[in-house]
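Q: Quick one, fold the following:
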Amino acid sequence: MMKLQCAFEAGRRRPWLSRPNGEGGGAVAFAAAAPLIVLAVAVAADHAHVSRFRTQVQLAAGAASLAAAGAIARHPEISGDSVGARVASAVFARNAPRGASGTLSVAATSTDAVVTATVGYDGVAPSNFGSALGYGAFHVSVSATSRALVADSQTTATP
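A: Reported below is the predicted structural model:
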């Protein structure tokens, strides 16, 4: 059986059947752009990893400062910096993300009724692709401050 063409189809080429002379141009363009696309994805993934790392370090520093302020408020008779530093480093180590090997600093001040503990972290975020791409690692610096009331933390017997 023969199919007859209509008048409006007689002179037109069917685009899905015909192949233009410039065939393969899209494949060449994609091949040329592929390294840049892979590089952009790698840098974006690395930036997301560093951002997540920085957030986790910030949360760990906040927990450490809160624990240090509470420990100092519960034991004001003991040297505050030593208790605060021990408690803060233990809490930070438990809550920090893997690879957080920077410097932890703890500073505590105390007035009659309020203890203020500040925990700072200064280090480097591990990079997935940094060494391969030539930019090394990212610097991360965070700090957190917490306050605790001495009167609320002490356990005293009421007569």
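Q: which stretches of the chain form helices?
A: Ranges of helices in the chain, per DSSP state H, are 25-74, 80-95, 130-133, 150-153.
Q: Which residues belonging to stretch 42-62 are considered buried?
A: The neighbour-count check on stretch 42-62 (16 or more other Cβ atoms under 10 Å) flags 46, 49-50, 53-54, 56-57, 60-62 as buried. From N, CA and C alone the C-beta is placed, and that goes for glycine too.
Q: How far does it sit from its chain's centre?
A: Chain-centre distance of stretch 42-62: 1 Å, with Cα atoms, centre = their mean, to the nearest Å.
Q: Ok, stretch 93-110 next?
A: Per Cα atoms, centre = their mean, the centroid offset for stretch 93-110 relative to its chain is 16 Å.
Q: got it, and stretch 61-77?
A: Stretch 61-77 sits 25 Å away from the centroid of its parent chain (Cα atoms, centre = their mean).
Q: For it, buried residues please.
A: Buried residues in stretch 61-77, defined by neighbour count with 16+ other Cβ under 10 Å: 61-75.
Q: Among the residues you listed, which one sits closest to Ala31?
A: Ala61 (46.4 Å; Cβ to Cβ).
Q: what number of residues lie near the closest residue to the closest one other than its chain neighbours?
A: Nearest residue to Ala61, sequence neighbours excluded (Cβ to Cβ, 6 or more residues apart in numbering): Ala144, at 4.2 Å. If you count neighbours by other Cβ atoms under 10 Å, Ala144 ends up with 22.
Q: For Ala144, which residues are in contact?
A: Contacts for Ala144 (Cβ atoms under 8 Å, 6 or more residues apart in numbering) come out as 58, 61-62, 64-66, 118-120.
Q: Name the nearest residue to the residue most central in space within the chain, ignoring sequence neighbours.
A: Residue closest to the average C-alpha location in the chain (Cα atoms, centre = their mean): Arg52, at 2.0 Å. Distance criterion Cβ to Cβ, 6+ apart; nearest residue to Arg52, sequence neighbours excluded, is Pro97 at 8.0 Å.
Q: That neighbour touches Leu59, doesn't it?
A: No - assessed by Cβ atoms under 8 Å, Pro97 is found out of contact with Leu59, at 9.3 Å.
Q: pLDDT below threshold where in this protein?
A: Under the criterion pLDDT under 70, the flagged ranges of the chain are 1-23, 79-81, 130-136, 151-159.
Q: neighbours of the residue nearest to Arg52, just the number please.
A: With other Cβ under 10 Å as criterion, Pro97 counts 15.
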